[in-house]
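Asker: Have a look at this fold, sequence not included:
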C-alpha cells in the first residue's frame with residue numbers, strides 16, 4: 001500500500017514522498033525498507049537518525065527528518081489503526097462444531113460461531129455475531145451479547161452477563177466464587193455462598209488468565225469500555241468504571257470502587273472497601289491502602305503523591321550515608337554538651 005493512501009485513511013499530514021510502498025507496520029528498532037514505524041515517546045527520537053524504515057508516524061512539532069513522515073497529534077493511535085491495514089486475525093470456523101455440547105434450552109442468535117468441545121449449559125443466551133472458540137464453558141443462564149468473542153478455555157460461570165462487543169481472552173474466568181469465609185469459633189471457616197453475579201457492560205476486554213469474582217450478594221460490575229490486562233484479580237462486589245485500564249497483575253480486593261478513566265499500572269494492589277476517584281493514575285507496584293481522590297497521580301507504598309514519591313525515591317539509595325552523617329553529628333553535639 002502506498003504511503004499516500006495510508007495518510008488518507010489515517011487522516012494524517014503527509015510530509016515527503018507519498019509513492020513509497022509500505023508492506024508492514026513495526027516498531028522503530030526493527031524497522032527496515034518497506035516498513036512504516038512510529039514514535040510517540042521522546043526516548044526513541046535518537047532512532048530517527050539510524051532507522052532503515054521507509055516512513056515514520058510522528059507528532060507535527062517534531063522537526064523535519066530524512067525519510068517521509070505522517071504527522072498526527074496522536075501517533076500511537078495512528079500506529080494502532082495502521083496495523084489493521086496489513087493484518088487481520090484468522091476468522092473462526094463458521095457454524096457450530098459437531099463436538100459442541102449445547103443444552104436444548106440454549107438460545108442462539110444469527111451468525112454465531114461455536115468451536116469444538118464448547119459446552120453451553122441450560123438457559124444460556126447467545127446474541128448474534130458471537131464467536132466462541134474451542135474448549136470454552138458457559139454455565140447455566142449466562143448471557144453473551146452481540147458481537148462478543150470468547151477465546152479458547154475461557155469460562156463464564158452461572159448468571160454472568162456479558163455485554164455487546166466484549167472480548168474475553170484465553171483462560172479468563174468470569175464469575176468464579178468470591179473469597180468469602182465466615183470464621184467459626186473452633187478456628188475453622190464456613191464458606192459464604194456467592195449468590196451474586198458478574199456483569200460486563202459493552203466494549204469490555206478481559207485479558208488472559210484474569211479472574212473476576214462473583215459477589216456474595218449483588219454484583220461485580222465492569223463498566224463500558226474498561227480494558228483489563230492479563231493476570232488481573234478483581235474481587236467480589238467490586239465496580240470498575242468506564243474506560244478504566246488495569247494493567248497486568250493488578251489486584252482489587254473485595255468491594256473496591258474504581259472510577260472512570262483510571263489507569264492502574266502493573267502490580268498495583270488496592271485494599272478492599274476503598275474508592276478510587278475518576279482519572280486517577282497509579283504507577284507500577286503502587287500499594288493503595290486508603291481511598292484516593294479524583295485526578296491524583298500516586299506511587300509507592302503506602303501510596304503518596306507521585307512527585308513526592310519520586311523525590312523520596314531519589315533519597316533512598318543515600319539513606320545509609322545520611323544515617324552515618326547524622327550519627328556523626330549527634331556525637332559531635334553530645335561531645336560539646338559534655339564539655340560544657
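Answerer: Sure, I can see it. Just so it is clear, the model here is predicted, and its values are computed rather than measured. Numbers count the residues shown, from 1 in each chain.
Asker: can you list the domains in the chain?
Answerer: 3-86, 101-308, 309-339 (automatic domain parsing).
Asker: what about stretch 273-287, start to end distance?
Answerer: 14 Å (CA to CA, to the nearest Å).
Asker: How far off centre is it?
Answerer: From the chain centre to the centre of stretch 273-287 is a distance of 14 Å (CA atoms, centre = their mean, to the nearest Å).
Asker: Can you tell me what sits against that stretch?
Answerer: 241, 247, 253-270, 288-303, 306, 309 (CB atoms under 8 Å, 6 or more residues apart in numbering). For the C-beta atoms, the positions are set from N, CA and C on the backbone; glycine is no exception.
Asker: Kindly report the same for stretch 53-68.
Answerer: Outside of stretch 53-68, the residues within contact range by CB under 8 Å, 6+ apart are 3, 12-18, 20-22, 26, 28, 31-40, 45, 48, 51, 69-73, 75, 78-79, 82.
Asker: Quick one, which of those residues are buried?
Answerer: Neighbour-count burial (16 or more other CB atoms under 10 Å) is assigned, among the contacts of stretch 53-68, to 3, 12, 14-16, 18, 20, 22, 26, 28, 31, 35-39, 48, 51, 69-72, 75, 78-79, 82.
Asker: Mark which of those are part of helices, please.
Answerer: 3, 75, 78, 79, 82 (DSSP state H).
Asker: Any chance of TSV for those, columns pLDDT?
Answerer: Formatted as TSV, those follow (pLDDT from 0 to 100):
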residue	pLDDT
3	95
75	94
78	96
79	95
82	96
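Asker: Taking these, tell me the two that lie furthest apart.
Answerer: Distance extremes for those: the farthest pair is 3 and 75 at 15.0 Å, using CB to CB.
Asker: In strands only, show me the buried ones among the contacts of stretch 53-68.
Answerer: 14, 15, 35, 36, 37, 38, 69, 70, 71 (DSSP state E).
Asker: ok, of these, which one's closest to residue 229?
Answerer: residue 38 (21.5 Å).
Asker: Thanks a lot, see you next time.
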